[in-house]
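> Sequence plus the predicted model coming up.
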Amino acid sequence: MNRSEKDQLTDEIIGEAVLSLLREKGPINMRVLIARLRSMETSESDPHRREAIARVIAEISATTVSGRRNGARERKEWSGDNVHSLFGESASPDGSKKH
């Protein structure tokens, strides 16, 4: 299976999982998506798809853990003054306000 076929299968698997969650009108988040993918993995009879589902679960899990680490780092950075003017001290060249 070449790279584009793997990517397409990955997209199809994620799409199937998300569509099944949408049909149930339940919440959609990473935890629920991973749980649905695990359920799909246990019921899948095709070994190639089962392997692909396991790969998707691992990728999403790694991304989620990485996101949590980055989020904690960003919160630390935001603990101080996090408002910065994009235009320096004054937005207009002559210092007067437009509004």
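Received, thanks.

> doesn't K6 make contact with A52?
Yes: using C-beta atoms under 8 Å, A52 is in contact with K6, at 7.2 Å. For glycine as for every other residue, the C-beta is placed from the backbone atoms N, C-alpha and C.

> neighbour-wise, which of these two wins?
Set A52 next to K6 and count neighbours by other C-beta atoms under 10 Å: A52 wins out with 20 against 12.

> Name the nearest residue to that one, ignoring sequence neighbours.
Excluding its sequence neighbours, the residue lying closest to A52 (C-beta to C-beta, 6 or more residues apart in numbering) is L9, at 5.0 Å.

> Find me the pLDDT at the one you found, would you?
The model reports L9 with a pLDDT of 92.

> burial count for it?
Other residues within reach of L9 by the criterion other C-beta under 10 Å amount to 18.

> does it sit in a helix or strand, and which one?
helix 3-23 (DSSP states H and E).

> which residues of this protein fall in helices?
Under the criterion DSSP state H, helices of the chain are mapped to 3-23, 30-43, 47-77.

> I53 reaches L37, doesn't it?
Yes: at 5.7 Å, I53 counts as touching L37 under the criterion of C-beta under 8 Å.

> out of those two, which sits in the more crowded spot?
With neighbours defined as other C-beta under 10 Å, I53 and L37 compare such that I53 has more, 25 against 21.

> Roughly how far does the closest residue to the more buried one other than its chain neighbours sit from S4?
Closest residue in space to I53, ignoring its immediate chain neighbours: E41 at 4.3 Å, by C-beta to C-beta, 6+ apart. Distance, E41 to S4, using C-beta to C-beta, to the nearest Å: 23 Å.

> got it, and R49?
17 Å.
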